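S.K.: with the sequence up front, the predicted model follows.
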Amino acid sequence: MELLFKVYSEFLGTVIRAITGQLYTQDQIKRITSGATGKYLKEFFPKTRDGEGTLQRVESARIHIEAAGTIIRDMQEDLAVQDKQLSELVKSVKEKKRLADRYQTLADTNKEAFEAFRIEMENALRKELTEQARKGKRIRQVISFLLWLVTLILGAALGTYFKEIVTWLSST
């Protein structure tokens with residue numbers, strides 16, 4: 001029975017400490033527990049956090065602030081590098097656009113002159129090819145006739161002696 005009473009009182013004390021600790025501030029808890037009757041109620045309130053826990057939280061906060069500062073500095077450095085790269089890219093694009101505009105102007109200016117030059121070159125080339133075709137025309141006709149004649153004679157000979165050639169080839 002006594003064990004049950006101790007468990008019950010400990011449980012009740014923990015529940016009351018949890019509930020009252022959330023309802024009162026640290027100053028209110030000190031005022032309540034400092035009086036003559038407060039010393040009997042002291043066990044029902046949560047214990048005050050000592051300075052050691054506070055120092056740990058302050059140190060943890062300082063470490064987190066330093067880490068955040070490091071991250072921000074790294075991000076600023078990365079942004080500075082990216083800004084420099086983008087500036088160089090913009091400069092390169094402007095230079096290439098200026099060069100393209102210059103070539104476009106040259107192309108537009110020379111388009112009429114090039115068209116006249118192209119027509120003149122086509123006429124000259126056509127005339128030269130026609131002359132070369134006429135120059136060797138008789139020789140090509142004679143050679144074509146001779147080849148046709150040789151092919152005709154060989155075909156006639158093969159047709160006439162085909163059976164004899166097949167018999168001779170099969171015998172060897």
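M.R.: Yep, that arrived.
S.K.: just the helices in this structure please.
M.R.: Assigned by DSSP state H, the helices in the chain fall at 2-23, 26-34, 38-41, 51-135, 137-160, 162-171.
S.K.: could those be laid out in JSON lines, adding mean neighbour count and mean pLDDT?
M.R.: Placement of C-beta: from N, CA and C, glycine included. Formatted as JSON lines, the helices of the chain follow (neighbours: other CB atoms under 10 Å; pLDDT from 0 to 100):
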{"stretch": "helix 2-23", "mean neighbour count": "11", "mean pLDDT": "68"}
{"stretch": "helix 26-34", "mean neighbour count": "13", "mean pLDDT": "70"}
{"stretch": "helix 38-41", "mean neighbour count": "12", "mean pLDDT": "68"}
{"stretch": "helix 51-135", "mean neighbour count": "10", "mean pLDDT": "84"}
{"stretch": "helix 137-160", "mean neighbour count": "10", "mean pLDDT": "90"}
{"stretch": "helix 162-171", "mean neighbour count": "9", "mean pLDDT": "86"}
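S.K.: I'd like to know how far the most centrally placed residue in the chain sits from Leu89.
M.R.: Compute the mean C-alpha point of the chain, and by CA atoms, centre = their mean the closest residue is Gln82, 15.6 Å away. Note on Gln82: its distance to Leu89, by CB to CB, to the nearest Å, is 10 Å.
S.K.: re the thing from before, and the residue nearest to the centre of the chain, what is it in contact with?
M.R.: By CB atoms under 8 Å, 6 or more residues apart in numbering, Gln82 lies in contact with nothing.
S.K.: from Glu122, how far off is it?
M.R.: Distance from Gln82 to Glu122, by CB to CB: 55 Å.
S.K.: same deal with Glu77?
M.R.: Distance from Glu77 to Glu122, by CB to CB: 63 Å.
S.K.: how about Leu158?
M.R.: For Leu158, the distance to Glu122 equals 48 Å [CB to CB].
S.K.: now swap in His64 and tell me
M.R.: Counting by CB to CB, the gap from His64 to Glu122 is 81 Å.
S.K.: ditto for Leu129
M.R.: 11 Å.
S.K.: then Ala113?
M.R.: For Ala113 relative to Glu122 (CB to CB), the value is 15 Å.
S.K.: how about Leu154?
M.R.: From Leu154 to Glu122 the distance is 44 Å (CB to CB).
S.K.: which parts of this protein belong to which domain?
M.R.: By the record's domain assignment, the chain is partitioned as 1-48, 137-172 (automatic domain parsing).
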